[in-house]
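Novice: quick one: sequence and predicted model below, then my questions.
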Amino acid sequence: MKISKNTRAFGVLFIVALVVVSPIFFNKIGIMGVDSYFHYNRIYEAAMQIKNHNFSFLNLYSFQEAGRVVNQVYSPLITYLFGGLLLLCGNWFRFQVVSIVLVTLLSGETSYFAAKRLNLNFKTSVSIAVVYMTSLSIYSFIYSANWRAIAMAFVPLLVGPIIDFYKGDWSLKSMSVLGVAVALIAQAQILAAALAIPILVPFFVMGLLKSQHKLRSLEFTLIGIAIALVLSLNFIMPYLELVRGNHLLPPVATPLESGVTNLVIPFTGKSIPLSDTILSFVFYLDFAGLIFFWKRVSGLTKVISIVAIVYIILGTSIIPWQALNVDFPALGNFLQIPRRFTITGISFLMLGTGLIVKDLVGKDELSSMADVSNFVFTMFAVASVVSLTVTVTDWVKTANNPSVGLAAGLSTNHNYIYPRTYHGKKITKIAELQPTFHTKNYGALIHAVDRITPDYTPIKHYSSSTNYYAIYKKRVVLPKNKFEHSVKAGGTIQLKWEEQHRQKINVPVVAYKNSQVRLNGQILNKEDYKTSSIGTIKIHGKKGINKVDVSYQPSTGIKVGIAVATFSWLCTILGFGVVILRKHR
C-alpha cells in the first residue's frame, strides 16, 4: 500500500513532536516558566467551569479567586478547549505532555502545507516544517506555556490567501479562508493578529493593482474581514464592554530594549537551542540570496523574503528601541517585547529561503543543486530537533533540581510570587512543585504558589510610577487566607469573614462596573462601597459573620455576540469537515 506524501509528512512531524517532549515524558518531570502560572490559572479556570457547569465572566476558581475578568478577554475559546483537555488528561503532567505535542504538531502541519502551497518539494517542505516547530516561535510553549506560540502555529495559514492576493482577482473562497485564519490567530492572541495582519498589506496592494475586477475583489475582502470580526465577537465585545466602563490595568510595561532577540547574531547563548543559530544562518541565506540572485527569483519570492527580513530586523537592537521607549512609553505596555516581530516573521523567513532555492533549482528536482539544497535543509531540521531536545533536558534538570529556588525556577523575581504550602509544607524550591503535577487534584499546582499578575484589574487611573504588583500583593494576596472563599452556583464568588467590631475593611475581591456586589444578602449600589487603587472592595461590615457575594452581569448584547461567534465557529468547523470528507472521497 502506497502511503501519500501528506501522511508521511504527518508521521515525521508527529515523531519530531514526540522526540522534543520525550525528556519531560521519560523523566516524569513537569516544567514551568515565567508565563506558566498565568496561563495554567486560565486553563484551570476553564476546566473547573466545565466540570462544575458553572460558567461566568469572572475567574471563579483562579487568580486568587479575586473576582477578576481574565479568560473572557484573553483567548476564551481556546482556553476552554485546553480546559477540557486537562479534564481528559487527569493531571497536569499528562496535560503538559499532550498539549506540547499538539501545539508543536499543529505548527509543523500548518507550515508544511504552507510550503506545499508554494510548490516547494516534499523534502524541503518537511524540513521547513521541522525547523519551524522547533523554533523560537513555538518552543516558548514548552517551557512557559506561552500562548503566543499557539497564535504562531496558525500564522502559516496566511500563506494561501497571500498567494491569492499576489495573483490578483482573488475569490470569495480565498477571502473566507483568510477571515478564518485571522480569527484563529486572534482567538489565540489578539496582539499576534495585530502584528501578523500588516504582512498581508503589500500582497493585497500588489494584487489589487493587477486585478481586472477591483470592485469585486474589494467586496470579497470586506466579506473576509466580516468573517474574522464575527468569529472574534466572543472576546471583542466583552473587552469593549470592560474598557468602556472601567480603567483596566494593562500588562506590565517592560523596557523595549531588553525584549529584543538578535537573530542576526549566531551563537548568542549557551542555553538557547541551536535552532536560533540555524535561523540566523537562514536569515543571511535569504538576505544574500535575495541580493545576489535578484533577477533570477520571482516577484512573490522577493516580497515574502523582504517582509520576513523586515520583521526579523524589527525584533533586534538594530532598531533604536530605547529611544522609541522614551518617545512612545505606551509601547512598553502594548508591544512589551520587540521580539514579537521576529517571532512573527520566522515562518516567512523559512518559506522565503525555500522559494529562493526553488527558483534557482527550477523544475529539475534530480539535479545536484536540488540534492545539495535538500541536504542542507534536512541538516538544519535534524540539528534543530536534537538541540531543542537537549535544551528541554536542561529545563527538566532545572525543574527537578532541589537547590534551585522557586523564583529562579520560574524565571521571575521573588517579588512577583508568593509561595504557599502543599501538604503543610511551604514551597521554597522549584522541585517541590513536582508532586502537584501528578495528583488528580488540579488545584494543588495552582494554589501552591500565588503568581502576582494583576493584569485587567479595574484601577482608578494608570500611573507608570505606581507599583501595582506590590499593591495587588498587599490588597489581594496577603489578606486572602483571612477570608473563607467559596464558589456558588450562577457564577458567584463568596467571601466570608468574622468581625469583632464594625469597621471599614478591604475585601480581597475586585469589582467592575458590571459586577454585582451583595453584602450579607443585600445588593450594594456603587455608592455603598469604595474601591482601592487596584479595584478591591472597601466596605463596612457588621459585628459577627459577614458575607460578600460578587457576580458579573454582562449586557444582553454581549451574550448575543458570544452566542453568534460560538455558532459561527461550529458552522465553520462543520463546513471544513465537509470539505475534507469530499476531498478524501
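Specialist: Arrived safely, thanks for sending. What you are looking at is a predicted structure, and each value in this text was computed from that prediction instead of being measured.

Novice: contacts, neighbours, all on C-alpha from now
Specialist: Noted.

Novice: quick one: residue 447 from residue 312, how far?
Specialist: Residue 447 sits 39 Å away from residue 312, going by CA to CA, to the nearest Å.

Novice: likewise for residue 410?
Specialist: 28 Å.

Novice: buried ones in the lowest-mean-pLDDT helix or strand in the chain?
Specialist: Here the helix or strand of the chain ranked lowest by mean pLDDT, DSSP states H and E is helix 331-334, holding a mean of 76. Using 16 or more other CA atoms under 10 Å as the burial criterion, the residues of helix 331-334 that qualify are 331, 332, 333.

Novice: which residues sit in contact with the first one?
Specialist: Right, residue 331. 253, 256, 325 (CA atoms under 8 Å, 6 or more residues apart in numbering).

Novice: and which of those residues is nearest to residue 517?
Specialist: Proximity of the contacts of residue 331 to residue 517 (CA to CA) peaks at residue 253, which lies at 31.1 Å.

Novice: surely residue 67 is in contact with residue 511?
Specialist: Yes: the criterion here is CA atoms under 8 Å, and residue 67 meets it with residue 511 at 7.2 Å.

Novice: returning to that earlier point: so which of the contacts of residue 331 wins on neighbours?
Specialist: residue 256 (25 neighbours; other CA atoms under 10 Å).

Novice: so how far is residue 263 from that one?
Specialist: Relative to residue 263, and taking CA to CA, residue 256 is found at 16 Å.

Novice: quick one: neighbours of the nearest residue to residue 443 once chain neighbours are set aside, just the number.
Specialist: Closest residue in space to residue 443, ignoring its immediate chain neighbours: residue 44 at 7.4 Å, by CA to CA, 6 or more residues apart in numbering. Neighbour count of residue 44, defined by other CA under 10 Å: 27.

Novice: now do the same contact list for residue 44.
Specialist: 61, 62, 83, 86, 442, 443, 446.

Novice: now, the residues you listed that are in helices?
Specialist: With DSSP state H as the criterion, helices contain 83, 86, 443, 446 from among those.

Novice: what is the nearest of those to residue 178?
Specialist: residue 83 (27.3 Å).

Novice: what sits against the closest residue to the closest one other than its chain neighbours?
Specialist: The shortest distance from residue 83 to any non-neighbouring residue, by CA to CA, 6+ apart, is to residue 47 (4.0 Å). With contacts defined as CA under 8 Å, 6+ apart, residue 47 is in contact with 80, 82, 83, 84, 86, 87.

Novice: just checking, the third one touches residue 43?
Specialist: Yes: checked against CA under 8 Å, the pair residue 83 and residue 43 is within contact range at 4.9 Å.

Novice: returning to that earlier point: overlap in contacts, residue 67 and residue 511.
Specialist: Contacts common to residue 67 and residue 511, judged by CA under 8 Å, 6+ apart, are residue 550.

Novice: in the stretch 301-450 of the chain, which spans are helices?
Specialist: Under the criterion DSSP state H, counting those that start in this stretch, the stretch 301-450 of the chain contains helices at 321-327, 331-334, 339-361, 368-399, 406-409, 434-438, 443-448.

Novice: the fifth one - what's its average pLDDT?
Specialist: Spelled out, it's helix 406-409. Here helix 406-409 scores 94 as its mean pLDDT.

Novice: just the CA atoms of it, as CSV, please.
Specialist: Once non-C-alpha atoms are left out, helix 406-409 reads as follows in CSV (Å, rounded to 0.1, in the frame of the first residue of the first chain):
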residue,chain,number,x,y,z
LEU,A,406,11.2,28.9,43.4
ALA,A,407,11.6,32.3,41.8
ALA,A,408,14.7,31.3,39.8
GLY,A,409,12.9,28.1,38.6
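
Novice: by contact count, what packs against it?
Specialist: Applying 3 or more CA pairs under 8 Å, 6 or more residues apart in numbering; DSSP states H and E, we find helix 406-409 packed against no helix or strand.

Novice: which ones are touching residue 536?
Specialist: 475, 476, 506, 507, 508, 509, 510, 511.

Novice: between the buried residues of helix 331-334, which sits nearest residue 547?
Specialist: Nearest member of the buried residues of helix 331-334 to residue 547, counting by CA to CA, is residue 333, at 36.3 Å.

Novice: identify the residue nearest the closest one in space, chain neighbours excluded?
Specialist: Closest to residue 333 by CA to CA, 6+ apart is residue 253, at 4.3 Å.

Novice: quick one, phi psi at residue 479?
Specialist: phi -80, psi 0 (degrees, to the nearest 10).

Novice: okay but it is in contact with residue 505, surely?
Specialist: No: in this structure, residue 479 is not within contact of residue 505 by CA under 8 Å, at 10.7 Å.

Novice: for residue 573, see how far away residue 580 is.
Specialist: 11 Å.

Novice: if you could redo that for residue 381, that was the one I meant.
Specialist: 32 Å.

Novice: likewise for residue 247?
Specialist: 36 Å.

Novice: settle it for me: which of the two has more neighbours?
Specialist: More neighbours surround residue 247 than the other of residue 247 and residue 573, with 18 against 12 (other CA under 10 Å).

Novice: would the residue nearest to residue 443 count as being in a helix?
Specialist: Yes: counting by DSSP: H, G, I helix; E, B strand; the rest coil, one finds residue 44 located in a helix.

Novice: report pLDDT for it.
Specialist: For residue 44, the model assigns a pLDDT of 98.

Novice: now the weakest link among the helices of the stretch 301-450 of the chain, please, by mean pLDDT.
Specialist: With a mean of 76, helix 331-334 has the lowest mean pLDDT of the helices of the stretch 301-450 of the chain.

Novice: with just CA atoms, put it into CSV.
Specialist: As requested, the backbone C-alpha atoms of helix 331-334 are provided in CSV (Å, rounded to 0.1, in the frame of the first residue of the first chain):
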residue,chain,number,x,y,z
LEU,A,331,4.7,50.8,23.6
GLY,A,332,6.1,49.3,26.8
ASN,A,333,2.6,48.2,27.8
PHE,A,334,1.3,47.3,24.3
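
Novice: spit out the contact partners of residue 429.
Specialist: Here residue 429 is in contact with 402, 403, 404, 405, 406, 409 (CA under 8 Å, 6+ apart).

Novice: I meant residue 236, not that one.
Specialist: With contact taken as CA under 8 Å, 6+ apart, residue 236 is in contact with residue 73.

Novice: equivalent analysis for the one 3 residues further on, please.
Specialist: Applying CA under 8 Å, 6+ apart, one finds that residue 239 lies in contact with 72, 73.

Novice: check which helix or strand covers it.
Specialist: Using DSSP states H and E, residue 239 sits within helix 233-245.

Novice: following that helix, which helix or strand comes up?
Specialist: strand 247-248.

Novice: quick one: contacts of that following strand?
Specialist: Contacts of strand 247-248 (CA under 8 Å, 6+ apart): 242, 455, 456, 457, 458, 459, 460, 461, 462.

Novice: and it, how far out from the chain middle?
Specialist: 22 Å (CA atoms, centre = their mean, to the nearest Å).

Novice: each with direction, which strands does it pair with?
Specialist: Strand 247-248 pairs in its sheet with strand 458-459 (antiparallel), by DSSP bridges.

Novice: avg pLDDT for the partner strand?
Specialist: Rounded mean pLDDT across strand 458-459 is 92.

Novice: hmm, who's touching it?
Specialist: 246, 247, 248, 249, 510, 511, 512, 532, 533, 534, 535.

Novice: residue 33: which of these is nearest?
Specialist: For these, the nearest to residue 33 is residue 249 (22.8 Å; CA to CA).

Novice: need the residue closest to the centroid of the protein.
Specialist: residue 147 (1.8 Å; CA atoms, centre = their mean).

Novice: who touches it in this structure?
Specialist: 39, 141, 188, 189.

Novice: okay, and residue 291 sits in which element?
Specialist: Residue 291 belongs to helix 274-292, assigned by DSSP H and E.

Novice: buried ones in stretch 351-359, by neighbour count?
Specialist: Going by 16+ other CA under 10 Å, stretch 351-359 has these buried residues: 351, 352, 353, 354, 355, 356, 357, 358, 359.
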